[in-house]
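Student: Test case, fold it:
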Amino acid sequence: MRFPRIAALGAVTLALVVGACSSGGSSPAPTAPASTAPESMAPASMPPESTAPSIASQLVLGGPPECPQRPFCLIGLQDTYGLQFKDFKPLDAGGPLTVEALKSGDIQVGLLFTSDPAIAVNGFVLLQDDKGLQLADNLVPVVSQSVLDEHPGVADLLNGIMAKLSQDQLTALNKEVTVDGMSAADAAKAWLTDNGFLPGSGGESMGTIVVGSTNFYEQEILGELFAQTLEANGFTVDRKFQLGNREIVFPALENGEIQVLAEYAATALEYVNGGAGEATTDATATVAKLNEHLATMGLKALDPATATDQNGFVVTQDTASKYNLVKISDLANPMP
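Tutor: Okay, the predicted model is just below:
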């Protein structure tokens, strides 16, 4: 679950096509009550408290203005990781203001989306969410059960793509399209060729499958990965891309107007369950719960990729090197 993607990278508009993250109440971190015991009563064996400040306490966090009230942003960083930052700077939801603030040094930690091409363009370091703050918005194909019943091999083809699509590769694909100017079809073809999916097995005609996407560039890239792989293995593919947001595309999937769609596990689950809060940080468990709901709709989610598109916290390479930052929990370490 994540903040809406509402900003642009350079001249490219980043449109939100997946759900916004849940909101939560904000309250200041509790302060321990002052001791009423005289100083002389303190146990002589008590070790002195460390006075070394944490790395986070010396850094400024930047993100959307609502970040301090969101459980997947500042509240989560405080509650899950125990982080207290020097300051918070309100900017935008994973957009150009945050990118520029990171580059200029106005902030040292920024919220971007995990597959944002700005990460690759600027050499930012995406900190590992090692304590599982974010829900599992891993990429996952959702397919009509009727297609899988008639062509069981479709699951193997699409699962093969998911098994090889890493976070860095998804980000690189997004960069090729939004920054380098490649078409989604060309970027997908190059990736599929490099990873052994093309030319494919060919063979006799297997019939027609309709692949859809929302109106978000990443979705069209994923749609092309699916479509070209299916075509290389005997299927005729009808592409219905740029259809609109989830509220438009998902009903089309349910009624059979499209038959294959790239989804995001946690967000899709909370969409079909009406926001019941069943998504977790475990991708496998989240997809299993998603399939409980999809089964009644004649749909099935396949295997999730390791790649995600969700809230992520990034730093510049210089900041990562200076403080030895690899994962979010490193921000709680004492200043070196």
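Student: Just checking: what are the partner strands of the helix or strand encompassing Arg239?
Tutor: Assigned by DSSP states H and E, Arg239 falls within strand 236-240. If you go by DSSP bridges, strand 236-240 pairs up with strand 208-212 (parallel).
Student: what comes up buried for the strand holding Arg239?
Tutor: 237, 239-240 (16 or more other CB atoms under 10 Å). Where C-beta positions appear, they are placed from N, C-alpha and C, glycine not excepted.
Student: Now find how far off-centre it is within its chain.
Tutor: 26 Å (CA atoms, centre = their mean, to the nearest Å).
Student: Can you list the helices and strands that whatever helix or strand comes next after it packs against?
Tutor: As assigned by DSSP H and E, the chain's next helix or strand after strand 236-240 is helix 246-254. With contacts defined as 3 or more CB pairs under 8 Å, 6 or more residues apart in numbering; DSSP states H and E, helix 246-254 has these neighbours: strand 208-212, strand 260-264, helix 265-272.
Student: Could you say which of those is packed most deeply?
Tutor: Between the helices and strands packed on helix 246-254, strand 260-264 has the highest mean count of neighbours, a mean of 27, where neighbours are mean count of other CB atoms under 10 Å.
Student: other SSEs contacting that one?
Tutor: strand 139-144, strand 208-212, helix 217-232, helix 246-254.
Student: Return the distance of that strand from the chain's centre.
Tutor: Strand 260-264 has its C-alpha centroid displaced from the chain centroid by 14 Å (CA atoms, centre = their mean).
Student: Same check on stretch 202-220?
Tutor: 22 Å.
Student: What is the end-to-end distance of that stretch?
Tutor: 23 Å (CA to CA, to the nearest Å).
Student: which residues touch the closest residue to Leu165 other than its chain neighbours?
Tutor: Leaving aside its sequence neighbours, Leu165 sits nearest to Ala305 (CB to CB, 6 or more residues apart in numbering; 4.5 Å). Residues counted as contacts of Ala305 (CB atoms under 8 Å, 6 or more residues apart in numbering) are 138-140, 161-163, 165-166, 170.
Student: which among those residues end up buried?
Tutor: By 16+ other CB under 10 Å, these give 138-140, 161-162, 165, 170 as buried.
Student: Just the closest of these to Asn273, please.
Tutor: Asn273 lies nearest to Val140 out of the buried ones among the contacts of Ala305, by CB to CB, at 15.3 Å.
Student: before we move on, back to that, max pairwise distance over the contacts of Ala305: which two?
Tutor: Most distant of these, by CB to CB, are Val140 and Ser166, 15.0 Å apart.
Student: buried sites along the host helix or strand of Asp318?
Tutor: Using DSSP H and E, the element containing Asp318 is helix 317-323. Neighbour-count burial for helix 317-323 flags 319-320, 323 (criterion: 16+ other CB under 10 Å).
Student: and what of stretch 188-201?
Tutor: 188-189, 191-192, 197-198, 200.
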